[in-house]
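Colleague: after the sequence you'll find the predicted model.
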Amino acid sequence: MSESPTPPSAAPEPVHHVRSAPPRSGYEDPYAKRLFLIIDSLPQMQRALAMTLSSFGANTVEFASKPSDALAKMAKYDFDVVLCDYDLGNGYDGLYLFEEVRERNLLKQSCVFMIVTGERRSQRVISAAELVPDDYLLKPFTGEVLRARLERAMRKRDALRLVDESVLRHEYLTAIDTCSRKIAEDNEFAIDFMRLKGSLSLKINDYDTAREAYMQVLRLKPATWAKMGLAKSLAGLKSPDEARMLFEAVLADNNQVMEAYDWLARLYRGSHELDRAQTTLQTATEMSPVVFRRQQQLAEVAVLNGDLATAETACQQTLDIAKYTWHRSPTHYAALLRVQLARGDSGNAGRTLANLRHDYRYNEEGEWLAGVMDSLLQAKNGNGDKARELLEAAGERFKQLAPKLNQESQMEYARACYQQGRDQQGNAVMEYLVRNHHDDEDMLARFGDMFEEIGLGDAGRQLISRNVKSVLELNNQAVREAQSGAFDAAIERFIKALDEMPHNVQIMLNLINAVLAYVSQHGWHESHMRRAYELLAKVREIAPANNKFQKILQSWRALVDKMDKRQWTL
């Protein structure tokens, strides 16, 4: 029998550029035993901030000059305070960095993230955001101002340290339970725990719990962030009209809450009110243009709406914004090129293709996508033989590259196949995508929009419906077998399904569930548990906020504890 897996636990490396790293316990001094990160491209500003911090006892300081360095250090060390300059160069600012570290779960809840800026306009942007940094400092400022702001932020953040470990380990249900206990204590930070409970519940799509958390806040005070959270909960609970009214009410009170525009546009798009969706997004982009997801959504809606001029501008903006951020992708070039071809502008499309090839040289996914898009350009220019040659070459490479390609890249290939009369290849790609995402409503809607865009709306809807139904039938049959006690048959059926749909999270989780039920009834089974362990780790990496994963993770830990197999704890 093979050895049980032991999850890696690498010891942290020593911190550089600082005095000795202090132990992470006992916070008698509010600064001396905290670990700080200063993010600024100017060495003189780094030194000035470090000296200011040192003046009131903060001596353990790390530095980063650019976003990539900051991300690497935040992944490596357990920071207590981050002081980040607003302007990080190449169009990348501190708010983008804050968004990325939250998305990637790189900071504990108790870490203070503060923006340092000389731009007074950023005050409006930050104060209107729903997911805000803890504070901002306008240059120039004194040491006493920084100290006062830090003391206020750290005091509140200290209260949230109770959930740090749970959130960093993606154990959101445990974190939510902790929030509930702290809310029940009704202390001065109860509102902050209500807010955290609501945001964590939204993260795992527990919309009922989120709605109650935000309602609890609104019974105490009319906070804009609570209205936004409640509206998101209502949207998740399939009450779009109520959600829409609440988002509109938020904007009536404060038209600077930019996220409300994005959500309204999503609701309009979902109800096929494309004109209203586009108008809403255009209003928002005029007010705050340098937001990646907003420009991307505007481009998509404008294409569906037939407004190719607006779509091209938004695609170019999307590309420019993403180029130096974590959103960077060759698919942004592909989207712009497609719109340029639809406008009959082969000249600019050729230049976009050249930029794609240049910027993604030595990147196999980028080079492959350039070949796909080149086939469209050649077809548009009347070079049918060259177009066929390029698409056939892309099809051969697709067989090897498919596991590495994201959904957008695969959809670009499917589009090219459909538009060049290779419906069979296009169908094969889209069936694979649908079957691997059969329960992801947002992704299925994107697939449907693609079919509408290329004039295959009816055929696309039938393909989506047929494949979703097929997966549901297979899944339900295996679930019935497990419920009747035929665990071996259920496990084998799920394994076969996973061979066909290796990225289907729902199938992975159902297979894990079947293994847990088998072991609970029949005792330990090494190979089944090893497979389940590997799948659980995979889901934690690709979909840690999945609600079902959160519940299965708790069941897994309870089982391995009960069977005294704690080395299998994930």
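Modeller: Ah, there it is.

Colleague: for the chain, which element, helix or strand, carries the lowest mean pLDDT?
Modeller: helix 121-128 (a mean of 52; mean pLDDT, DSSP states H and E).

Colleague: and the gap between the residue nearest the centre of the chain and Thr325?
Modeller: Nearest to the mean C-alpha position of the chain, counting by Cα atoms, centre = their mean, stands Glu103 at 5.3 Å. For Glu103, the distance to Thr325 equals 11 Å [Cβ to Cβ, to the nearest Å]. C-beta coordinates here come from the backbone N, C-alpha and C atoms, glycine included.

Colleague: over to Leu168?
Modeller: 23 Å.

Colleague: then Asn105?
Modeller: Asn105 sits 18 Å away from Thr325, going by Cβ to Cβ.

Colleague: what of Gln462?
Modeller: Separation of Gln462 from Thr325 (Cβ to Cβ) stands at 38 Å.

Colleague: these two: who's more crowded?
Modeller: Thr325 (18 against 12; other Cβ atoms under 10 Å).

Colleague: which residues are in contact with the closest residue to Gln407 other than its chain neighbours?
Modeller: Once flanking residues are discounted, Gln407 sits nearest to Leu433: 6.1 Å by Cβ to Cβ, 6 or more residues apart in numbering. Neighbouring residues of Leu433 by Cβ atoms under 8 Å, 6 or more residues apart in numbering: Gln407, Gln410, Met411, Ala414, Met443, Phe447.

Colleague: of the residues you listed, closest to Leu553?
Modeller: Nearest to Leu553 out of those is Met443 (Cβ to Cβ; 23.1 Å).

Colleague: next structured bit after the helix or strand containing the closest one?
Modeller: Element membership for Met443 (DSSP states H and E) is helix 441-453. Moving toward the C-terminus from helix 441-453, the first helix or strand encountered (DSSP H and E) is helix 457-483.

Colleague: mind listing what's buried along that following helix?
Modeller: Gly460, Leu463, Ile464, Asn467, Val468, Val471, Leu474, Asn475, Ala478, Val479, Glu481, Ala482 (16 or more other Cβ atoms under 10 Å).

Colleague: quick one: the closest residue to the first one other than its chain neighbours and Gln477, what's the gap?
Modeller: Leaving aside its chain neighbours, Gly460 sits nearest to Phe451 (2.4 Å; criterion: Cβ to Cβ, 6+ apart). The spacing between Phe451 and Gln477, counted by Cβ to Cβ, is 28 Å.

Colleague: just checking, Val145 touches Leu137?
Modeller: Yes - taking contacts as Cβ atoms under 8 Å, Val145 lies within contact range of Leu137: 7.0 Å.

Colleague: higher neighbour count, the two?
Modeller: Neighbour count, other Cβ under 10 Å: between Val145 and Leu137, Leu137 has more, with 18 against 13.

Colleague: doesn't Arg147 make contact with that one?
Modeller: No - between Leu137 and Arg147 there is no contact under Cβ under 8 Å: 11.1 Å.

Colleague: now do stretch 68-75: distance to the chain's middle.
Modeller: 18 Å (Cα atoms, centre = their mean, to the nearest Å).

Colleague: what lies in contact with that stretch?
Modeller: So stretch 68-75 is in contact with 37, 39, 62, 64, 79, 82, 84, 97, 100-101, 104, 106-107, 326, going by Cβ under 8 Å, 6+ apart.

Colleague: out of those, who's nearest Asp262?
Modeller: Among these, and counting by Cβ to Cβ, the member closest to Asp262 is Glu100, at 17.5 Å.

Colleague: so the closest one, which of the three states?
Modeller: With DSSP: H, G, I helix; E, B strand; the rest coil as the basis, Glu100 sits in helix.

Colleague: count the neighbours of the nearest residue to it once chain neighbours are set aside for me.
Modeller: Nearest residue to Glu100, sequence neighbours excluded (Cβ to Cβ, 6+ apart): Trp326, at 4.9 Å. For Trp326, the neighbour count with other Cβ under 10 Å is 18.

Colleague: wait, is Trp326 part of a strand?
Modeller: No - judged by three-state DSSP, Trp326 forms no part of a strand; its state is coil.

Colleague: and it, how far is that from Ala314?
Modeller: 20 Å.

Colleague: likewise for Ala486?
Modeller: Per Cβ to Cβ, Ala486 is found 53 Å from Ala314.

Colleague: what about Ala148, neighbour count?
Modeller: A count of nearby residues for Ala148, using other Cβ under 10 Å, gives 11.

Colleague: tell me the pLDDT at it?
Modeller: Note for Ala148: predicted pLDDT of 87.

Colleague: quick one: Asp87 from Leu246, how far?
Modeller: Counting by Cβ to Cβ - Asp87 and Leu246 are separated by 34 Å.

Colleague: Thr280: how many residues sit nearby?
Modeller: Thr280, neighbours per other Cβ under 10 Å, totals 26.

Colleague: pretty sure it is in contact with Leu264, am I right?
Modeller: Yes - counting by Cβ under 8 Å, Leu264 is a contact partner of Thr280 at 5.1 Å.

Colleague: circling back: between Ala486 and Ala314, which one's more packed in?
Modeller: Per other Cβ under 10 Å, whichever of Ala486 and Ala314 has more neighbours is Ala314, with 29 against 15.

Colleague: got the contact list for that one?
Modeller: For Ala314, the contact set (Cβ under 8 Å, 6+ apart) comprises Thr285, Gln295, Gln296, Leu298, Ala299, Ala302.

Colleague: repeat for Leu570
Modeller: Pro7, Tyr533, Leu536, Ala537, Arg540, Leu553, Trp556, Arg557.

Colleague: quick revisit: how about the buried residues of helix 457-483 in CSV, adding pLDDT and distance to Ala334?
Modeller: Formatted as CSV, the buried residues of helix 457-483 follow (pLDDT from 0 to 100; distance: Cβ to Cβ, whole Å):
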residue, pLDDT, distance to Ala334
Gly460, 97, 19
Leu463, 98, 22
Ile464, 98, 22
Asn467, 97, 24
Val468, 97, 26
Val471, 95, 28
Leu474, 93, 33
Asn475, 92, 33
Ala478, 94, 37
Val479, 91, 39
Glu481, 94, 43
Ala482, 91, 42
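
Colleague: and those residues as JSON lines, adding distance to Gly350?
Modeller: Shown next, in JSON lines, are the buried residues of helix 457-483 (distance: Cβ to Cβ, whole Å):
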{"residue": "Gly460", "distance to Gly350": "29"}
{"residue": "Leu463", "distance to Gly350": "32"}
{"residue": "Ile464", "distance to Gly350": "34"}
{"residue": "Asn467", "distance to Gly350": "36"}
{"residue": "Val468", "distance to Gly350": "39"}
{"residue": "Val471", "distance to Gly350": "41"}
{"residue": "Leu474", "distance to Gly350": "45"}
{"residue": "Asn475", "distance to Gly350": "46"}
{"residue": "Ala478", "distance to Gly350": "50"}
{"residue": "Val479", "distance to Gly350": "52"}
{"residue": "Glu481", "distance to Gly350": "56"}
{"residue": "Ala482", "distance to Gly350": "55"}
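
Colleague: nearest to Phe494, of the residues you listed?
Modeller: Ala478 (5.3 Å).

Colleague: what sits closest to Ile115 if chain neighbours are left out?
Modeller: Nearest to Ile115 is Tyr136, by Cβ to Cβ, 6+ apart, at 4.2 Å.

Colleague: wait, that neighbour touches Phe113, no?
Modeller: No - if you go by Cβ under 8 Å, Tyr136 and Phe113 don't touch, sitting 10.2 Å apart.

Colleague: who has more neighbours out of those two?
Modeller: Remark: of Tyr136 and Phe113, Phe113 carries more neighbours, 24 against 21, as counted by other Cβ under 10 Å.

Colleague: ok now stretch 506-516, how far from the chain's centre?
Modeller: Computed by Cα atoms, centre = their mean, the chain-centroid distance of stretch 506-516 equals 24 Å.

Colleague: which residues are in contact with it?
Modeller: Here stretch 506-516 has contacts from 438-439, 471, 475, 478-479, 482, 487, 490-491, 494-495, 497-498, 501, 525, 528-529, 531-532, 535-536, 538-539, 546, 548-549, 552, 555-556, 559, using Cβ under 8 Å, 6+ apart.
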